[in-house]
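*Asks:* Please find the sequence and the predicted model below.
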Amino acid sequence: MPNSPSQQMTIGDFLLRRLEEAGIRHLFGVPGDFNLELLQQLDDAGQLRWIGTCSELNASYAADGYARLNGIGALTVTNAVGALSTINGIAGSYAEHVPVICIAGSIPLRSIERGLGMHHTTGDGTWDRFLGAFAHVTAAQARLTPRNAVTEIDRLIATAWREKLPVYMELPSDIAYLDIEVPAAPLVLADPPSDRERLHSCAALIARRLSGARSPAILVDQDVDRYDAVGEVTELAQKMQLPVAVTGPAKAVIDETFPYYAGIYNGKASNLRAREAIEASDCLLSIGYRPIDGTSGDFTASLPADTISARGHSIDIGSDNYQAVTLKEVLRGVIDAVSPVTDRPASQVAAATGAGTRVDGSAKLTQAAYWDAIQGYIRPGDVLLTDNGTSYAIFGLQLPANCTVVASVIWGSIGYSVGALLGTLTAAPKRRHLLFIGDGSFQETVQELSTLLRHDCKPVIFLINNGGYTIERGYLGKTAHYNDIATWAYADLPKVFRPDTTARSFVARTVADLQDALRAPNDSLIFIESVMDPHDAPGQVIHSSNNGAELDYGPRGPQRRDNIQLQPAT
Ligand SMILES: Cc1ncc(C[n+]2csc(CCOP(=O)(O)OP(=O)(O)O)c2C)c(N)n1
Ligand SMILES: [Mg+2]
């Protein structure tokens, strides 16, 4: 680009500048000798804020949570020992379609070129193993050099943003301070405009099919959120009065108070309204749908044969595959092309019960009473994080307007939500954040509570203490010791992690205890440990575990032995 204005900048400063231009204001991670020089540049520049985490895995979860609310996120860790600890989280971002930039401060180019064995390697003079490992779980990877830094930094950030997937970048520690020639113009993250003919014919065909149908409907998966098309989907549904069902991973992507919201579609496990709307539709527009066990009701989903399948950058209609179009532009084209419909009845799923159901306050806390109380606690605009376990009951609640749900339904790595909470709170500090987690999941990533307290975050943490892995007891090992865990004094942990904490901690053993805790003001972190029976679980969750065991172990598996599996109360 000989004619574009350029300037001299160090590689590290340029990288930090590009992150900021991409909309990243915080960098998560753990220092090491191979990324300290970048952290010094971050400190000197004073733009990005550093959020050091207790572990690299948690940094990867935090960057993921941050990216879900901010559009994109980043972390930096040290060579191999740090990087490989993030790989579970990064693969999770890949599975969940979250753009995260993982920057590994790596061994100096000098040691690569001279064949010098280094620490944080396998000690055999190799240096490509980790780039290779990340190639399996990222959309793009690069080791920066002074020659490729400008093009590779821009390529990786743009790829993450466009594909909604993580990328992996190695910054050798001896090049961050080298001056290179960089573009003066800021990075612009935008999709290339659609091919006009493809866009027009695709939007016109979808409009024609939706308009000619008797029972058109929309199925929404996560990508509607990732590709920022929620507004368009809602507008289209409103204009044509179309029922919209979502998958579990897309819980609350469509406002659950929207009159045409039809509930969660999950094959046979759907509510009747959602199932009817989707399966009996004579023109289904499905957006980003990825059928796995948890989004297809264990493969009982049955979408109409001529379903229109839309993705972020392409659409299938019948035998046609439309390329060079963006989801947002296609939906805009459809909205403009259809005539308003005014005589289709709304889809409203039944209003939530709960909140106010009369229960005996002195009664031992049960899962049923717990979720009933939680239903009443949730306010419009809350960010809800849920981990795997009985806390999946969140998916059965009906949420007020403008709530966001952050969960890892497809990847499903327990403990994700604690790190992710640090990320969501960092991205949206003004919103109220509620974390729903079990004791087993919490034990995986608990130390990040320390970082939440360190930064004066004020979430409400709802921890279920049921002595172990209750959701797993629904697969196998109802009373087995392998599903038991050590008992911790969970509610004491805020004090352990921050001795001068103002956090309010509660242990709820009865309904009245819980109600009391729920009255606490949200002016500091609230930690509510609720003690419940290991064999108490929401029916839906356990039913799904029972089904999972059939799928996982097959007809010769041990799951059919007497009383080996926790089953829903009859
Ligand atoms: C990293 C990881 N390890 C193991 C699992 C398997 N697993 C899924 S749920 C679960 C138990 C969760 O227990 P807890 O958080 O206590 O929830 P509960 O069902 O008891 O409420 C386990 C071990 C997993 N999903 N991810
Ligand atoms: Mg548990």
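*Replies:* Happy to help now that I have it. Numbers count the residues shown, from 1 in each chain. Ligands and ions are numbered 1, 2, ... in the order given.
*Asks:* any idea how far residue 68 lies from residue 176?
*Replies:* 29 Å (Cβ to Cβ, to the nearest Å). Placement of C-beta: from N, CA and C, glycine included.
*Asks:* Repeat that for residue 459.
*Replies:* Distance from residue 459 to residue 176, by Cβ to Cβ: 35 Å.
*Asks:* ok, residues contacting the top helix by length along the chain?
*Replies:* Longest helix in the chain, counting residues (DSSP state H): helix 196-212. Residues outside helix 196-212 that contact it (Cβ atoms under 8 Å, 6 or more residues apart in numbering) are 216, 240, 242, 283, 285, 308, 315, 317, 320, 322-325, 329-330, 332-334, 336-339.
*Asks:* mind listing the helices in the stretch 301-450 of the chain by residue range?
*Replies:* 327-337, 367-377, 416-427, 439-445, 448-454 (DSSP state H, counting those that start in this stretch).
*Asks:* closest to residue 221 out of those helices?
*Replies:* helix 327-337 (11.5 Å; Cβ to Cβ).
*Asks:* how much distance is there from the closest one to the middle of the chain?
*Replies:* Computed by Cα atoms, centre = their mean, to the nearest Å, the chain-centroid distance of helix 327-337 equals 26 Å.
*Asks:* and the angle from that helix to helix 196-212?
*Replies:* 50 degrees (axes from the mean of the first three to the mean of the last three Cα atoms, to 10 degrees).
*Asks:* got the buried residues for helix 327-337?
*Replies:* 327-335, 337 (16 or more other Cβ atoms under 10 Å).
*Asks:* Relative to residue 567, which of those is nearest.
*Replies:* Among the buried residues of helix 327-337, and counting by Cβ to Cβ, the member closest to residue 567 is residue 327, at 41.8 Å.
*Asks:* could you list every residue that touches the closest one?
*Replies:* 223-224, 227, 229, 232, 287, 310-313.
*Asks:* Out of the residues you listed, flag the one nearest to ligand 1.
*Replies:* Closest approach to ligand 1 among the contacts of residue 327 (Cβ to the nearest ligand atom): residue 223, at 22.9 Å.
*Asks:* pLDDT score assigned to the closest residue to the closest one other than its chain neighbours?
*Replies:* Among residues not flanking residue 223 along the chain, residue 288 sits closest, at 3.0 Å (Cβ to Cβ, 6 or more residues apart in numbering). Residue 288 is assigned 98 on the pLDDT scale.
*Asks:* can you pull the contacts of residue 288?
*Replies:* With Cβ under 8 Å, 6+ apart, residue 288 has these contacts: 220-224, 226-227, 310-312.
*Asks:* Return the residues of the chain in contact with ligand 1.
*Replies:* Contact residues, the chain versus ligand 1 (Cβ under 6 Å from any ligand atom): 387-391, 412-414, 438-441, 464, 466, 469-472.
*Asks:* just checking, which of the contacts of residue 327 belong to strands?
*Replies:* 287, 310 (DSSP state E).
*Asks:* Got a PyMOL select line for the buried ones in the contacts of residue 327?
*Replies:* Burial among the contacts of residue 327 is assessed by 16+ other Cβ under 10 Å; the matching PyMOL selection reads:
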select buried, resi 223+224+227+229+232+287+310+311+312+313
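*Asks:* Out of the contacts of residue 327, which is nearest to residue 87?
*Replies:* Using Cβ to Cβ, the contacts of residue 327 come closest to residue 87 at residue 223, 23.2 Å.
*Asks:* That closest one is in contact with residue 314, isn't it?
*Replies:* No - Residue 223 is not in contact with residue 314 according to Cβ atoms under 8 Å; the separation is 11.5 Å.
*Asks:* Test my guess that residue 472 contacts residue 546.
*Replies:* No - using Cβ under 8 Å, residue 472 is not in contact with residue 546, being 11.7 Å away.
*Asks:* Those two: who's more crowded?
*Replies:* residue 472 (21 against 16; other Cβ atoms under 10 Å).
*Asks:* Noted, bye for now.
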